[in-house]
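> Turn this into a structure:
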Amino acid sequence: MDTATIHYRVADYLKKYPPFQAMDERDLLELAGQGKVKFFEANEFIVVQGSPYMWQLFVIQQGTVTLWDEAGEVAQLHDVRGAGDFLGIEQFNDVDAYPYTARAASDVVVYLFPAVAFESLVMKYEYAKRYVAAYESVSADYKPARDQRGPQDVFLHELVAGRPLQVCDATSSIRQAARAMVSSGADAIAVVDADTQAHTVLTATSFLEWIGQGGSDHDAPVARLVRRALSPIAPDCSAADAAMAMGATDAQALAMTEDGTANARLHAIITPRDLTPAFGDHPVTIIEEIRRAASIDVLRDLNQRARAFVLRRLTNAGAVGWLTRFTSIVDAGLVKRLISVSGVDDPAACWCFCGASGRGETLTRLAPELVMIIDDAQDPAPSLRAFHRVSTALGECGYLPAPSSDRSIQAAGVREWANRYRGWISDPVLQNMYGARRLFDLKPIHGAMRLWTEVDDVVRAAINRGFLYLVANDCLASLPPLTFYEDAVIADSGKESPVFRLEYSALAPLVDVGRVFGLAAGRALGSSTLERLDMARTLVPDRTSILREAADTLRVVLWQQGRVGISQNTDGAELPPALLGRYDRQVLKSGFRSISRLLEFTGNPQWLKTI
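Residues are numbered from 1 along each chain as shown. Okay, here's the model as predicted:
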């Protein structure tokens, strides 16, 4: 057969798999021309742990290869690799020798390439560098080849570069300020002093509110207008940061100042229209429409619209941070609007989320778990009726039911909640604290916040070292799988499963460990897993690398849960591996090892003695 024909066949095979998909045809053909074919029979050793790389790289063309860690007395299965996978790729991650023994589990055919050729022809592509790095560590920064920038990567100073700043001083009349906005076509104007320090930002709503309150003297100074608190933001914040700031504070405009503080020099005014190029359907618009929705039908449509927006923007794990903030604002706003629409607002109660929604980690349409804390000095009956009415209405808003929700126990007086938490902490085994652990993610969203604070104070005071030992050990209840092979998930025991139990085997261990560190840091309630892992880096600074990689793993797992869950109209707790691409699997495999290292560290009580 013609040699050139063979090269084309090898190139055609390689371009079916990452990272070769991102290569130019010329580079791919040059690499293929330097490859050799090698055959191994079943049970034959391909490479031996600790042996040098000999500046060569294997790409499996067909067959199954098992990787074994033989450093201990008993060899342990580390991974299972098949067509399109590498052997020896770790040399490009500064590993000096083969870290595992590779053995053919069936007849195996490999392409053998010079490492120098791979480095010069493949590793020059940024996509390839990220893909190769995923064999050793998990990263939340991965973006698919040819991916566009997401809103989290678009900076505010880019969006407003070169645009004139619309300002007036405090002595300007209302008429002059309004004319300046109309003539410039601006959505907002800032009231500044001589040093261009903003005092407030005026929007069309500012003028409408003034008129609505009986204002009629157009020549009065702009100081007469309704003043809103200034919402500053820094130039290096992203469009996503700005959208979430607007959504969380109901600000109609942000003041982009020199350093992001209210007392710094004003550079620009940011309005929702400025952010539109970075988004498409605008997140602030969705949030505002939820706040004005007149019926459950409208709220249901907005919920579906919000999730569709999330799916479009969930292009990589790096987007998880701002999108979980967005869905948290959406879910809380929807519940608040349900309370208003249902006419059951009760000042004697505090509405809370718990579980994934309490941590702010729900991207799918899974219903937020509601909890109510009732003032003991008030009659609980109206509050209980309100809780059940809103809980029922929540199910009509397009959410998937939360499997663990139990309305009969999730609304109670503040004294009852305090006693429950004391019981879970003082006797966690008999009181089944493990089954109630989602309630340690309690976050207030509406109503009498002081009631939540009372409960939080009780939990902080009750935490003790013995309780922390036990909950740290409980984290070992769910362990990550070993690897993926074809369309199956492989456990440590070698057992295969057609379903990846993402919630149980990947997300739960990370969440449980994060909760332990939150408790140890005195931030028991109201924080996310990422915040808790960040607290842990302060508690045990010598374990920063493990904790940082765990945080990246969490972003990757939430990304996959949201991406698959929304598109499949499920909660994303379980999914078939066939829905995961090759890169997705590789990053998750590195994540599994990261979770194992985190559990090994957390399960050892020695760290508790150092804090």
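
> which SSE is the residue nearest the centre of the chain in?
When CA atoms, centre = their mean is applied to the chain, the residue found nearest the centroid is V320 (3.1 Å). Using DSSP states H and E, V320 maps to helix 320-342.

> name the helices or strands packed onto the next helix or strand after that helix?
Sequence order places strand 349-354 as the next helix or strand after helix 320-342, per DSSP H and E. With contacts taken as 3 or more CB pairs under 8 Å, 6 or more residues apart in numbering; DSSP states H and E, strand 349-354 sits against helix 320-342, strand 369-374, helix 380-394, strand 443-447, helix 449-462. Every C-beta, even on glycine, is put in place using the N, C-alpha and C of the backbone.

> partners of strand 349-354 in the sheet?
The strands beside strand 349-354 in its sheet (DSSP bridges) come out as strand 369-374 (antiparallel), strand 443-447 (antiparallel).

> Now do the last one against helix 449-462, angle only.
With axes from the mean of the first three to the mean of the last three CA atoms, to 10 degrees as the basis, strand 443-447 and helix 449-462 are set at 150 degrees to each other.

> got the contact list for strand 443-447?
Residues outside strand 443-447 that contact it (CB atoms under 8 Å, 6 or more residues apart in numbering) are 332, 335-336, 339, 345-347, 349-354, 357-360, 452, 525-526.

> So for it, mean pLDDT?
Average pLDDT, strand 443-447: 96.

> can you list the domain ranges for this protein.
Following automatic domain parsing, one gets these domains for the chain: 3-133, 152-280, 296-462, 472-610.

> Just put those domains in TSV and tack on distance to E288.
Output for the domains of the chain, formatted as TSV (distance: least, CB to CB, whole Å):
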stretch	distance to E288
domain 3-133	37
domain 152-280	8
domain 296-462	9
domain 472-610	22
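
> can you tell which of the ones you listed is closest to E289?
domain 296-462 (5.7 Å; CB to CB).

> how far out from the middle of the chain is the closest one?
Here the centre of domain 296-462 is set off from its chain's centre by 19 Å, with CA atoms, centre = their mean, to the nearest Å.

> That domain: end-to-end distance?
Across domain 296-462, the terminal residues are separated by 41 Å (CA to CA, to the nearest Å).

> Residue ranges in this structure under the pLDDT threshold?
Applying pLDDT under 70 to the chain flags residues 1-6, 138-149, 226, 403-408.

> which of the strands paired with strand 349-354 is buried the deepest?
Among the strands paired with strand 349-354, judged by mean count of other CB atoms under 10 Å, the one packed with the most neighbours on average is strand 369-374 (a mean of 26).

> re the thing from before, show me what contacts the residue nearest to the centre of the chain?
By CB under 8 Å, 6+ apart, the residues touching V320 are A140, L314, L363, R555, L558, W559, G562.

> give me the number of residues near the second one?
Read it as L314. Neighbour count of L314, defined by other CB atoms under 10 Å: 21.

> Dihedrals phi and psi, it?
phi -90, psi 60 (degrees, to the nearest 10).

> Run through the residues that contact it.
Contact analysis of L314 by CB under 8 Å, 6+ apart lists V320, L323, L363, W559, G562, R563, I566.
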